[in-house]
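Novice: coordinates for the following, if possible.
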Amino acid sequence: MLFSSIKNWKSESHLYSEAFKTALVFLESNDFETMPAGEIELEGRNIFAIVMDKETDAVENRAPEVHEKYIDIQFMVRGTEKIGFTRRDSRFVVKSDLLAEKDLLLYEHFTDNESFVVLTPGDFAVFYPQDVHRPLCAHNEKQNVRKVVVKIAV
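Specialist: Here you go, the predicted model:
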């Protein structure tokens, strides 16, 4: 898992692959406040973005998840979101296996070694296939957020 701000990415650019740079240039150079929600292909299914409007909820109401085919870059446009994360572990109990249809595996709730990061506008977090993450958790209170998730094929 990586955490940074779109304001800092250029000074960190030596850390990122070309695919990440493509995604970060896209995030930096678009006005997502006025862009309609939906999916945008940057490089076909290798790199695409999903602009979404969602509501955060209590941690216990959000399921931890992983993806196997894609890396997530979760970018906050408006609002505040808390995201839980930990490393994937064989002890976690699968709640719903949607890997074939949606590249999504949901786990039952757990508390083992979960840490949290808070995303505010301009922040982004990167989650790799080994990173279990619990997005859209409320920070202090439920709220509507606008975020962009860029998917990069592994």
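Novice: output the longest helix belonging to this protein.
Specialist: Taking DSSP state H as the criterion, the chain has its longest helix at helix 18-28.
Novice: after it, which helix or strand is next?
Specialist: strand 38-43 (DSSP states H and E).
Novice: quick one: that next one to helix 18-28, angle?
Specialist: Orientation of strand 38-43 against helix 18-28 (axes from the mean of the first three to the mean of the last three Cα atoms, to 10 degrees) gives an angle of 140 degrees.
Novice: buried sites along strand 38-43?
Specialist: residue 42 (16 or more other Cβ atoms under 10 Å). (Glycine included, C-beta is placed from N, CA and C.)
Novice: partner strands of the helix or strand following that strand, with direction?
Specialist: Using DSSP H and E, the helix or strand that follows strand 38-43 towards the C-terminus is strand 47-55. Paired strands of strand 47-55, with direction, are strand 38-43 (antiparallel), strand 144-153 (antiparallel) (DSSP bridges).
Novice: residues in contact with the first one: which ones?
Specialist: Spelled out, that is strand 38-43. 19, 22-23, 26, 47-51, 150 (Cβ atoms under 8 Å, 6 or more residues apart in numbering).
Novice: can you put the residues you listed in a markdown table and add distance to residue 38, pLDDT and neighbour count?
Specialist: Shown next, in a markdown table, are the contacts of strand 38-43 (distance: Cβ to Cβ, whole Å; pLDDT from 0 to 100; neighbours: other Cβ atoms under 10 Å):
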| residue | distance to residue 38 | pLDDT | neighbour count |
| --- | --- | --- | --- |
| 19 | 21 | 97 | 17 |
| 22 | 19 | 97 | 17 |
| 23 | 17 | 97 | 27 |
| 26 | 14 | 98 | 18 |
| 47 | 16 | 98 | 22 |
| 48 | 11 | 98 | 19 |
| 49 | 9 | 98 | 22 |
| 50 | 7 | 98 | 14 |
| 51 | 6 | 98 | 18 |
| 150 | 14 | 98 | 25 |
